[in-house]
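Engineer: After the sequence you'll find the predicted model.
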Amino acid sequence: MTEEIINRPGLQGVIAAQTSLSRVDGLAGELIISGYRIDDIAPNAIYEELLYLLWNDRLPNASELATLQSDLSGLRALPDVAIEALKKAAKQKLSGMDALRMAAGLLSLQADSADAQSSSLVLVAAFPTIVAAYWRLLKGEEIVEPNPALSHSANYLYMLNGEEPSDEQIRAMDTYLNTVIDHGFNASTFTARTIISTNSDVISAVVGAIGALKGPLHGGAPGPALDMVFEIGKAENSEAYLREKLQAGDRLMGFGHRVYKVRDPRADVLNLAAKEFFTDGDQIELYNLARHVEKDAIRLLEEHKPGRKLETNVEFYTALVLHGVGLQTDLFTPTFAVSRVGGWTAHALEHLREGRLIRPLAEYTGESAREWQSIEKR
């Protein structure tokens, strides 16, 4: 009896492996991270706690958390050759994702590739250093060395700006990093698991994942979502602007999702984080404008594309939160990677324990009866 073969373009609806790391329910609008609802854990935990949870299937106690934080802070420095590569990349004005991919591969110089857990620690610890160092090099500024006294999120903001962040900035950054740390078998995570399924090393798997995240169909559009709000400028301009975009056939950035058929639950978490962070002056005006644009966009999308249920996705409020903590739009996708490396490494570790080689089939559509002719006869 032959095995039934079904053609599913893009592997839509295909289950390729089992995982206990995250569950994405697109119909219910629910995201579970190792048993915890994202809206319950993301606003309350720090990033290191979620990292420990994904790696160990439980939250750490105080001693375990302190040990993890100490291990990470001791691995933040980059190899000298990685710094030199970043300097050369900055001279050519390469994208932040290109620089991250290049430098991440060089982390093999300070990690034992045969030790998956050790490599995972190095990757998570060094990603913020790579992104922050490259950002400062692009601006012609001196690299800020890591501060071992600061938490993962606080140190990232410190290395970007050279100043210790406020408690409010740290809480907003932790909430963001927690919210996007893992999300099922998305393209970059699937890439990492495919690579690790060959019994390759974790650093190779993560470098491949960076390449997948760099693609605009996966890396998303939090920058353009914020640009759209800024272009609208005032609430009274919102409807006319959005109608014009829709009538021109343009996509409204920050709305609609491949999996979620209702509102993305991560949007709610980041909406609350933005609301708590944007408390006065120009900040609250921007938040109120974004909320107004969101309501108009959902209403007009249903009017123009009835039944499609194009609700707010994570990109819309990602832009607001990251802008609020002082990040420019070119940093948005690299900062996403600073978070998601926790999920990538967790999936690699899980697959090494339980998985098998990922080897899908392809449906051949070419010819089958061609005959060879020598070059003189062609």
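Structural biologist: Looks like it arrived, so ask away.
Engineer: Surely residue 172 touches residue 320?
Structural biologist: No: the pair residue 172 / residue 320 is not scored as a contact, 10.0 Å apart, by Cβ atoms under 8 Å. For the C-beta atoms, the positions are set from N, CA and C on the backbone; glycine is no exception.
Engineer: overlap in contacts of these two?
Structural biologist: residue 274 (Cβ atoms under 8 Å, 6 or more residues apart in numbering).
Engineer: Excluding sequence neighbours, find me the nearest residue to residue 76.
Structural biologist: residue 146 (3.8 Å; Cβ to Cβ, 6 or more residues apart in numbering).
Engineer: and the one you found, what are its phi and psi?
Structural biologist: Main-chain torsions, residue 146, degrees, to the nearest 10: phi -60, psi 150.
Engineer: count of neighbours near it?
Structural biologist: Neighbourhood size, residue 146 [other Cβ atoms under 10 Å]: 24.
Engineer: And for residue 17?
Structural biologist: 16.
Engineer: got it, and residue 285?
Structural biologist: Residue 285 has 13 nearby residues by other Cβ under 10 Å.
Engineer: same question, residue 246
Structural biologist: 17.
Engineer: Return the set of buried residues in the strand or helix carrying it.
Structural biologist: Here residue 246, judged by DSSP states H and E, is contained in helix 238-247. Going by neighbour count (16 or more other Cβ atoms under 10 Å), the buried part of helix 238-247 is 238-239, 241-242, 245-246.
Engineer: Please name every helix or strand in contact with that helix.
Structural biologist: helix 222-232, helix 281-304 (3 or more Cβ pairs under 8 Å, 6 or more residues apart in numbering; DSSP states H and E).
Engineer: Could you dump those into TSV and include distance to residue 200 and mean pLDDT?
Structural biologist: Listed next are the helices and strands packed on helix 238-247 as TSV, based on distance: least, Cβ to Cβ, whole Å; pLDDT from 0 to 100:
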stretch	distance to residue 200	mean pLDDT
helix 222-232	30	89
helix 281-304	42	92
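Engineer: thinking again about what came up before, what sits against the residue nearest to residue 76?
Structural biologist: 73, 76-77, 129, 155, 159.
Engineer: one more time with 6 Å, if that's ok
Structural biologist: Neighbouring residues of residue 146 by Cβ atoms under 6 Å, 6 or more residues apart in numbering: 76, 129, 155.
Engineer: Filter those residues down to just the ones in strands.
Structural biologist: When the contacts of residue 146 are checked against strands (DSSP state E), there are no matches.
Engineer: could you pull out the helices for the stretch 251-378 of the chain?
Structural biologist: For the stretch 251-378 of the chain, applying DSSP state H, counting those that start in this stretch gives helices covering 265-277, 281-304, 314-324, 332-354.
Engineer: circling back: dump the buried residues of helix 238-247 into JSON lines; add pLDDT and distance to residue 287 as well.
Structural biologist: Output for the buried residues of helix 238-247, formatted as JSON lines (pLDDT from 0 to 100; distance: Cβ to Cβ, whole Å):
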{"residue": "238", "pLDDT": "97", "distance to residue 287": "14"}
{"residue": "239", "pLDDT": "96", "distance to residue 287": "19"}
{"residue": "241", "pLDDT": "96", "distance to residue 287": "18"}
{"residue": "242", "pLDDT": "96", "distance to residue 287": "18"}
{"residue": "245", "pLDDT": "94", "distance to residue 287": "22"}
{"residue": "246", "pLDDT": "95", "distance to residue 287": "24"}
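Engineer: Now do the strands in the chain.
Structural biologist: Under DSSP E, the chain gives strands at 22-25, 30-33, 36-37.
Engineer: among these, which is the most enclosed?
Structural biologist: Comparing the strands of the chain by mean neighbour count (mean count of other Cβ atoms under 10 Å), strand 30-33 ranks first with a mean of 20.
Engineer: Check the buried residues of helix 238-247 against residue 63 and report the nearest one.
Structural biologist: Using Cβ to Cβ, residue 238 is the member of those that sits closest to residue 63, with 51.1 Å.
Engineer: The closest one and residue 115, how far apart?
Structural biologist: 53 Å (Cβ to Cβ, to the nearest Å).
Engineer: now swap in residue 24 and tell me
Structural biologist: 30 Å.
Engineer: pLDDT below threshold where in the protein?
Structural biologist: Applying pLDDT under 70 to the chain flags residues 1-13, 220-221, 280-281.
Engineer: residue nearest the centroid of it?
Structural biologist: residue 336 (3.4 Å; Cα atoms, centre = their mean).
Engineer: for that residue, what are its contacts?
Structural biologist: So residue 336 contacts residue 180 (Cβ under 6 Å, 6+ apart).
Engineer: outside of the helix holding residue 246, which residues touch it?
Structural biologist: Contacts of helix 238-247 (Cβ under 6 Å, 6+ apart): 232, 292-293, 296-297, 300, 304.
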